[in-house]
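1. Next comes the sequence, and after it the predicted model I'd like to discuss.
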Amino acid sequence: MWRQVALLGRGWGVARRGVSSSTVVRGGGGGAPEPEHDRDGILFGARDGKPFSPENREEWESIYYWGMGGALVLGFVGFYLRPDYNPHQWAREEITHRQEEAKFK
């Protein structure tokens with residue numbers, strides 16, 4: 001009996017030591033390194049003061065602008081010219097079609 005109590009006591013001691021109230025910080029590295037910036041006062045890499053002028057563009061920018069602009073234009077045109085799937089419009093066309101068929105009979 002005493003042996004069981006002693007073993008139980010040791011088990012609780014291990015459990016108590018395992019759950020500590022103190023916080024131990026391990027690992028880490030002190031944070032991120034400082035970024036290396038060119039501190040020459042040039043905004044967005046523009047040398048002449050015009051950041052979005054054609055002289056300061058990279059090769060992929062004009063392709064991106066034309067592609068996105070064209071996609072937006074095609075999207076708006078497709079949205080404007082989409083077929084009308086409104087049930088009221090379909091019913092109105094069906095009624096006029098049936099009335100025209102009834103006139104010819």
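-> Good, I have the coordinates. From a predicted model like this one, the values you see are computed outputs, not experimental measurements. Numbers count the residues shown, from 1 in each chain.
2. At which residues are the helices of the protein located?
-> 2-18, 59-80, 87-104 (DSSP state H).
3. right, and these - which one's nearest residue 34?
-> helix 59-80 (29.4 Å; C-beta to C-beta). Placement of C-beta: from N, CA and C, glycine included.
4. Now do the closest one: everything it contacts.
-> residue 54 (C-beta atoms under 8 Å, 6 or more residues apart in numbering).
5. Just the endpoints, please. Distance across stretch 81-95?
-> 24 Å (C-alpha to C-alpha, to the nearest Å).
6. Quick check: mean pLDDT of it?
-> For stretch 81-95, the mean pLDDT works out to 89.
7. Walk me through the regions of this structure where pLDDT falls short of the threshold, as ranges.
-> Within the chain, the stretches with pLDDT under 70 are 1-29, 37-52.
8. which stretch among the helices of the chain comes nearest residue 35?
-> Short answer: helix 59-80, nearest of the helices of the chain by C-beta to C-beta, at 23.7 Å.
9. So for the closest one, what gets flagged as buried?
-> Judged by neighbour count using 16 or more other C-beta atoms under 10 Å, helix 59-80 contains no buried positions.
10. quick revisit: as CSV, the helices of the chain with distance to residue 30 would be great.
-> Below are the helices of the chain laid out as CSV (distance: least, C-beta to C-beta, whole Å):
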stretch, distance to residue 30
helix 2-18, 28
helix 59-80, 37
helix 87-104, 66
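11. Next, work out how far apart residue 83 and residue 67 are.
-> 27 Å (C-beta to C-beta, to the nearest Å).
12. Over to residue 60?
-> Using C-beta to C-beta, we find residue 60 at a distance of 10 Å from residue 67.
13. Okay, residue 73 and residue 99: tell me how far apart.
-> On the measure of C-beta to C-beta, residue 73 and residue 99 end up 40 Å apart.
14. ditto for residue 92
-> 11 Å.
15. what sits in contact with each of the two?
-> Joint contacts of residue 92 and residue 99 (C-beta under 8 Å, 6+ apart) do not exist.
16. re the thing from before, please name whichever of the helices of the chain is nearest to residue 53.
-> helix 59-80 (11.3 Å).
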